[in-house]
Every structure is written in C-alpha cells, then in structure tokens.
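> just coords:
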Ligand SMILES: Cc1cc2nc3c(=O)[nH]c(=O)nc-3n(C[C@H](O)[C@H](O)[C@H](O)COP(=O)(O)OP(=O)(O)OC[C@H]3O[C@@H](n4cnc5c(N)ncnc54)[C@H](O)[C@@H]3O)c2cc1C
C-alpha cells in the first residue's frame, strides 16, 4: 500500500500567538480563512499578560489622525492599517466580546477589572469557539518557500501553508517568547533588518535625589529632552518614577524613545550632546548623555524588519510573495499609552484582510 499522503496546505499559518497573532487569528476566523496559530510558549499572549503591570492598556480612545500624529516615524507605514482599524474599532471590538472596559481621563483604555488576562481570555474564547487550531509550546524553527507556499518547520513536524504571517514580536523580554526568530527567518529569506535599540525604557543615573527616592512614583511630573544649545527638543507631561538604577515612568520612557529616533536620523550625533531633565516633586534632575537600560528590559523594540521591503497596503513582503508581517517584528514602535498593542492589532488586521482578498 502506498502510505504517502499529500498534505493539504493550510491557507494561513500564523507564527506567534501574541498580540498580533491572536488578533490575526480572530480576523481570520471572522473571514472564514482556514488558519493555524503556532506559538512558542505554552500559552497565548504571555507578553500581553505583562502589559501595564498586568492591567493591559490595550489602546487609547483617540481618533486615527491623532494616533498617527502621536506615533512618530512609523506613521506613514501604518497609516492605512490604523485608519481601517482605529482605536475606536478596537474598543468596540472588545465590547462586542463582552469585555467591560475602563477609560482613563487621558483616553487610555483598560479592561475594567484591571486584568490583562481578561483580554487574553477574550481572544482565547473567541478562537476556541471559532475552532481555530492553536499549537502551543511549539517554536517554529524554519520557514522555507515552496512553489507555491511554504513549509513551516517545528522540531516535531512540518506543515505546508499557502501564506505565512510572522507575528513573532520584538526582542525585549525574551522570557515571554519574543527572541527575534521572525526577524531571523525574514533575514534568511532576503529581508534587511534595522538594528535593534531599546524603546520605552528607563535611564540610568546615580543622582542621589533619584536613588534615595527609589520606589517613589510622581504622577504629576514631566520630562524633556534638551539639546546641547539648551533648546527643548521634546517634552512630555506624565509619570516619573525613581528607581535604584535611575529614572523610569511614562515621561522618561517617551523621552528615551524620542532620543533613539532623533539619533537614528542623525548618525553623526551622539546621546552625549543631549540631556533629559525630569521635574518631579520639588526636584529638577538633569541627566547628561542619558544611558538607557538594556534592550531586554525595554517595553518595545525599535528596529526589526525594514519597512521599505514590506508593502504597507498588504503587510506582504515585497521580496517573498505570501510572506506577511504584523506587530513588533516590523521596525515599528509607538509611545507609551496603548499605542504598541494598537499597532500590533492594526497591522495584523491589515495582513489578514489582504490575504482574504479585500485590500
Ligand atoms: C512589560 C511590558 C509592558 C507593556 N505594556 C504595554 C501597554 O500597556 N500597552 C501597549 O500598547 N503595549 C505595551 N507593551 C508592548 C506590547 O506588549 C507589544 O508591543 C506587543 O505585545 C507586540 O505584539 P506582537 O504580537 O508583535 O509581539 P508579542 O506580543 O511579543 O508576541 C509574539 C509571540 O510570538 C511568539 N514567538 C516568537 N518566536 C516564535 C517562534 N519561533 N515560533 C512560534 N512562536 C514564536 C512569542 O512566544 C510571542 O507569544 C508592553 C511591553 C512590555 C514588555
């Protein structure tokens, strides 16, 4: 008897079951696209569970225009994706799944019970009810293009797919599963990678006005980035926290991210010429030549798959047809306040919508 069985390729293999992968699977289920989610960790959404100290600030209740104005360098690339999947659509989507929500005064949105698990469970329930196959505890180790489609390899089996969506995340918090595999697969298939930098991370200082207050949080605070000539380049009103290593909190994170992008556009400059001035309580602390904490501790990865090799109208590779990207695997990042999850959701939706054929 001939036992050789020809495998029917699945229409879409989603690699990574984090924010982008879960959202992509939900959209695929809604559009009746047969798909499978393959996740490295034992459960879906490990990083989502950690967001906003376990509370999950999943978006910000603002218009798509305001979102894009705030988001910075990636705005042009993500514009179509965000306009089609704006924050308010994400909010109504969670409401329709029965998730009770809480809106902060500044528009940041959380599940009302303050539990990120509520968001992850909402995805889990939806995918279970839709019968989406989920293979967890299963790192994908290789992706090989065929003619047509792809062979997706794990340590235990291979799977044929017509399309592959890389939703494997950035490289920060690697214990939560995002270790740069998607970027490696993309590079192996001919994509360029923009070097990684930490985004939204604390700044080191041994200023005793900071270190002796380690553990204190100042909500009514601000921070600004100052150029060598004293000019303010960026300013943000928001929380400043004192830590044993230095400063953190939303105002510091956004200043640090501003500096990374500012220096990237000016390779001749060094952080040494810049300072961050934090105002909290009665203190005004200036950190010259600010040094960020390591990438592995960052909220977001700056860098990743280069955007000029990905079609923003489809999220499809311009190099390998049928290969799609969503979320932090791409060189996209936003400020604090729900922007990064929104970017993951919106790019995932765009990719799946284009696979569904409704570009
Ligand atoms: C501490 C912390 C707090 C944050 N708070 C917020 C917040 O409040 N609001 C906000 O908007 N953003 C926040 N972020 C950022 C946000 O969590 C990320 O930007 C977002 O999760 C990115 O989504 P993603 O799907 O691209 O990646 P991830 O959510 O990281 O998902 C990638 C998934 O791919 C899996 N994977 C990786 N490699 C493989 C492989 N080879 N095979 C199979 N699976 C693989 C990983 O295990 C992971 O589950 C926070 C981040 C951190 C670290």
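Here it is on my side, so go on. Quick caveat: nothing in here was measured; it's all calculated off a predicted structure.
> Residue 71 contacts residue 78, doesn't it?
Yes: using CB atoms under 8 Å, residue 71 makes contact with residue 78 at a distance of 6.8 Å. Quick note: C-beta positions are derived from backbone N, CA and C, even for glycine.
> Name the residues contacting each of these two.
residue 343 (CB atoms under 8 Å, 6 or more residues apart in numbering).
> Who are the packing partners of the helix or strand harbouring residue 50?
In the assignment (DSSP states H and E), residue 50 maps to helix 46-54. With contacts taken as 3 or more CB pairs under 8 Å, 6 or more residues apart in numbering; DSSP states H and E, helix 46-54 sits against helix 19-30, helix 116-130.
> repeat that with 7 Å
Judged by 3 or more CB pairs under 7 Å, 6 or more residues apart in numbering; DSSP states H and E, helix 46-54 is in contact with helix 116-130.
> number of nearby residues for the closest residue to the ligand within the stretch 151-300 of the chain?
Residue nearest to the ligand within the stretch 151-300 of the chain: residue 177 (1.9 Å; CB to the nearest ligand atom). Burial of residue 177, expressed as a neighbour count using other CB atoms under 10 Å, amounts to 22.
> With residue 126 instead?
17.
> same question, residue 191
Residue 191 has 22 nearby residues by other CB under 10 Å.
> measure it to residue 305 for me?
Counting by CB to CB, to the nearest Å, the gap from residue 191 to residue 305 is 5 Å.
> again, but for residue 207
Counting by CB to CB, the gap from residue 207 to residue 305 is 38 Å.
> of these two, who's got more company?
Remark: of residue 207 and residue 305, residue 305 carries more neighbours, 23 against 15, as counted by other CB under 10 Å.
> Just list the residues touching the more buried one, thanks.
Shown in contact with residue 305 (CB atoms under 7 Å, 6 or more residues apart in numbering): 183, 186, 191, 193, 325, 329-331.
> List of residues touching the helix holding residue 50?
Under the contact criterion CB under 7 Å, 6+ apart, helix 46-54 has outside partners 18-19, 56-57, 110, 115-117, 119-120, 169, 173, 176-178, 341.
> May I ask which of these has the most neighbours?
In these, the most neighbours by other CB under 10 Å go to residue 169, 32 neighbours.
> Leaving out sequence neighbours, find the closest residue to that residue.
residue 178 (3.1 Å; CB to CB, 6 or more residues apart in numbering).
> I'd guessed that neighbour sits against residue 166; true?
No: using CB atoms under 7 Å, residue 178 is not in contact with residue 166; the gap is 11.6 Å.
> Now do the helix holding residue 50 against helix 19-30, angle only.
Put simply, helix 46-54 runs at 120 degrees to helix 19-30, going by axes from the mean of the first three to the mean of the last three CA atoms, to 10 degrees.
> residues from the protein in reach of the ligand?
15-21, 38-41, 46-48, 50-52, 56-57, 139-140, 167-169, 172-173, 177-179, 181, 299-300, 327-329, 338-341, 344 (CB under 6 Å from any ligand atom).
> Of the residues you listed, which belong to strands?
Counting by DSSP state E, the part of those found in strands is 15, 38, 140, 300.
> quick one: contacts for the last one?
When contacts are counted by CB under 7 Å, 6+ apart, residue 300 is found next to 170, 172, 199-200, 328, 333, 340.
> Counting neighbours, which of those comes out on top?
Highest neighbour count within those: residue 328, with 34 neighbours (other CB under 10 Å).
> okay, it: pLDDT?
We have a pLDDT of 98 for residue 328.
> contacting residues around it?
Residues in contact with residue 328, defined by CB under 7 Å, 6+ apart, are 169-170, 178, 300-301, 304, 344.
> got it, and residue 102?
Contacts for residue 102 (CB under 7 Å, 6+ apart) come out as 110, 112.
> That one: which element?
strand 101-103.
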